[in-house]
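**Student:** Following is a predicted model, sequence given first.
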Amino acid sequence: MIEQYDRARHNTDEVKNLLTMAIGYPAPDFLQKLLDVVYDIEGHHLFITSNQNKVTGIIGLDITARPHGWLLHLAVRPDYRRQGIGKSLISQVMEQFKLESVALETDQNAVDFYRACGFTAVEITSKWPGVHRYRCIKGQPPKSVLKYYHNLTMP
Ligand SMILES: CC(C)(COP(=O)(O)OP(=O)(O)OC[C@H]1O[C@@H](n2cnc3c(N)ncnc32)[C@H](O)[C@@H]1OP(=O)(O)O)[C@@H](O)C(=O)NCCC(=O)NCCS
C-alpha cells in the first residue's frame with residue numbers, strides 16, 4: 001500500500017537513503033531540495049511503502065502530462081528486494097493516477113528490472129562516456145510527451 005510522503009509522519013532519513021540509491025551520487029543538499037522543492041511542484045508526487053514503521057520503498061513521479069507519467073525516482077531497501085515491491089510500486093501509481101503510460105531513463109543496472117515489469121527499453125545517447133543509458137516505456141506516450149519530459153529532466 002502506498003502513501004504520499006509526509007515529513008511529519010515518515011522517517012525522512014530513510015526516504016533520503018532510498019533517494020540516494022535511486023540517484024547514485026547526489027550532492028549533499030540535493031536530497032533536501034528534492035523533498036522541499038521538486039516534490040512540492042504541482043504534479044510531482046513522492047510515495048513511500050513501509051513495513052513495521054520502516055520505509056521499504058519509494059517511488060517519485062511527474063504527472064504534469066497526465067495520463068502520461070514520467071518516473072523520477074524508484075528504490076527498494078536492499079533487504080526487501082526481489083519480493084515484488086518495485087513492480088507493485090509502479091502498478092499502484094499507474095492505477096492511482098489512471099496513467100496510460102509511464103516512461104523514464106535509467107542505466108544498465110536497472111534496465112532488466114524495467115523489462116521484467118513490462119517496459120520496452122531502447123538505448124539512448126549517454127552524457128558520460130562508457131555509461132549505457134536507456135529510455136524505458138510502458139504504454140504508448142505520444143512523442144511530444146516524451147520530448148516534454150526529456151527536456152525537463154535534461155536541462
Ligand atoms: C530496481 C529495484 C527498484 C527493483 O526493486 P525490487 O522490489 O527488487 O523488484 P521486484 O521484486 O518488484 O522485481 C520485479 C521483477 O524484476 C526482476 N528484477 C528485479 N531486480 C532486477 C535486476 N536488478 N535485474 C534484473 N531483473 C530484476 C525480478 O526478478 C522480477 O521479475 P518477475 O516479475 O519476472 O519475477 C531495486 O533493485 C532497487 O532499488 N535498486 C537500486 C535503485 C535503482 O536502481 N532504482 C532504479 C533507478 S531508475
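**Tutor:** Yep, that arrived.
**Student:** Spatially nearest residue to the closest residue to the ligand within the chain (excluding sequence neighbours)?
**Tutor:** In the chain, the residue that lies nearest the ligand is residue 86 (2.6 Å; CB to the nearest ligand atom). C-betas here are computed from N, CA, C, even on glycine. With CB to CB, 6 or more residues apart in numbering as the criterion, residue 86 has its nearest non-adjacent residue at 5.0 Å, and that residue is residue 76.
**Student:** wait, what's in contact with that neighbour?
**Tutor:** Neighbouring residues of residue 76 by CB atoms under 8 Å, 6 or more residues apart in numbering: 18, 56-57, 85-86, 89.
**Student:** In helices, which of the residues you listed fall?
**Tutor:** Among the contacts of residue 76, the members falling in helices (DSSP state H) are 18, 85-86, 89.
**Student:** Show me which helix or strand of the protein is least confident by mean pLDDT.
**Tutor:** When each helix and strand of the chain is scored by mean pLDDT, DSSP states H and E, helix 143-153 comes last, with a mean of 90.
**Student:** neighbouring contacts of it?
**Tutor:** Residues outside helix 143-153 that contact it (CB under 8 Å, 6+ apart): 62, 65, 68, 70, 72, 101, 103, 105, 135, 137.
**Student:** go again using 7 Å as the cut-off
**Tutor:** With CB atoms under 7 Å, 6 or more residues apart in numbering as the test, helix 143-153 has contacts from 62, 65, 68, 70, 103, 105.
**Student:** Tell me the buried residues within the residues you listed.
**Tutor:** Taking 16 or more other CB atoms under 10 Å as the criterion, what is buried in those is 62, 65, 68, 70, 103, 105.
**Student:** what about residue 35, how many residues close to it?
**Tutor:** 18 (other CB atoms under 10 Å).
**Student:** Give the helix, strand or coil label for it.
**Tutor:** Using DSSP: H, G, I helix; E, B strand; the rest coil, the structure places residue 35 in helix.
**Student:** same thing with residue 118?
**Tutor:** Assignment for residue 118 (three-state DSSP): coil.
**Student:** Contact partners for it?
**Tutor:** Residue 118 touches residue 138, counting by CB under 7 Å, 6+ apart.
**Student:** about what we covered before: secondary structure and distance to the ligand for the contacts of helix 143-153 - can I get that in a markdown table?
**Tutor:** Shown next, in a markdown table, are the contacts of helix 143-153 (DSSP: H, G, I helix; E, B strand; the rest coil; distance: CB to the nearest ligand atom, whole Å):
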| residue | secondary structure | distance to the ligand |
| --- | --- | --- |
| 62 | strand | 13 |
| 65 | strand | 19 |
| 68 | strand | 18 |
| 70 | strand | 11 |
| 103 | strand | 12 |
| 105 | strand | 8 |
